[in-house]
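A.B. asks: Structure here, sequence nowhere to be found:
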């Protein structure tokens, strides 16, 4: 394993409110958890460690991680079993499995069990941190550069007011931009029409939430047309923007 890693190689990530990315690392080898704690900490991330699957589940309930890095084989619950329990209360959390097994069958089994990525031991710290960074970025955490919002392949530059998806530029009106910005600042969060109306338009419009429905339809035609949809309606609750699967 290598510990040669410069955090300057990757753009810094953090939550919209400035709090650090939270990562749960669970492995029964203390030297590995210490190494990963160091490497992920160099990214400015907050790391919680566990030495077995049961500890991992308990830590996840309290810590609410943005990413889980789990050893496949641990005392008590395995990494796969721990992830299954964690996903009951944090269904969207991405997971990276660590394992000493490197057969194709084991890789497929780990991914089929809900893992988003897979690294075999011995690994380089650089590789794990890079894969972790990509998983967090794809999951919708906002880039630390305050001028950039990133959710999946959707990007917004707040300074230039440029928006693109998968590298293709998207032209938005001022109101469409403000609405999309609010959704991108709250990825994977269901937001009610009333809350959108109050935040984006700053007043009640006499309760005419249909203005929200209208502008969401405008956005969908520009953001989702011909692509995997990112803007979803949650019936009776509102709207949610999340990376395309």
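C.D. replies: Here it is on my side, so go on. All figures in this text were calculated on a predicted structure; none of them were measured in a lab.
A.B. asks: quick one: stretch 29-46 to chain centroid distance?
C.D. replies: 19 Å (CA atoms, centre = their mean, to the nearest Å).
A.B. asks: Tell me the buried residues in it?
C.D. replies: 32-33, 35-37, 39-40, 42-43, 45 (16 or more other CB atoms under 10 Å). Placement of C-beta: from N, CA and C, glycine included.
A.B. asks: same question, stretch 151-170
C.D. replies: Neighbour counts over stretch 151-170 (16+ other CB under 10 Å) mark 151-156, 163, 165, 170 as buried.
A.B. asks: And the helices in the chain, which stretches?
C.D. replies: 30-41, 53-63, 79-89, 104-112, 125-139, 174-184, 193-200, 210-223 (DSSP state H).
A.B. asks: got TSV for those, with mean pLDDT and distance to residue 69 too?
C.D. replies: TSV is the format used below for the helices of the chain (pLDDT from 0 to 100; distance: least, CB to CB, whole Å):
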stretch	mean pLDDT	distance to residue 69
helix 30-41	93	6
helix 53-63	95	10
helix 79-89	92	9
helix 104-112	62	13
helix 125-139	85	7
helix 174-184	92	26
helix 193-200	87	34
helix 210-223	93	31
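A.B. asks: Can you check which of the ones you listed gets nearest to residue 73?
C.D. replies: helix 79-89 (7.1 Å; CB to CB).
A.B. asks: Residue 24: which of the helices of the chain is closest?
C.D. replies: Using CB to CB, the helices of the chain put helix 53-63 closest to residue 24, at 5.6 Å.
A.B. asks: Between helix 79-89 and the closest one, find me the angle.
C.D. replies: 30 degrees (axes from the mean of the first three to the mean of the last three CA atoms, to 10 degrees).
A.B. asks: What's the local residue count around residue 118?
C.D. replies: By other CB atoms under 10 Å, the residues close to residue 118 number 20.
A.B. asks: try the one 3 residues further on
C.D. replies: For residue 121, the tally of surrounding residues (other CB under 10 Å) stands at 15.
A.B. asks: Report the separation between the residue positioned nearest the centre of the chain and residue 162.
C.D. replies: Compute the mean C-alpha point of the chain, and by CA atoms, centre = their mean the closest residue is residue 139, 2.4 Å away. For residue 139, the distance to residue 162 equals 23 Å [CB to CB, to the nearest Å].
A.B. asks: next one: residue 136
C.D. replies: According to CB to CB, residue 136 stands 23 Å off from residue 162.
A.B. asks: swap in residue 244?
C.D. replies: Taking CB to CB, one finds residue 244 at 20 Å from residue 162.
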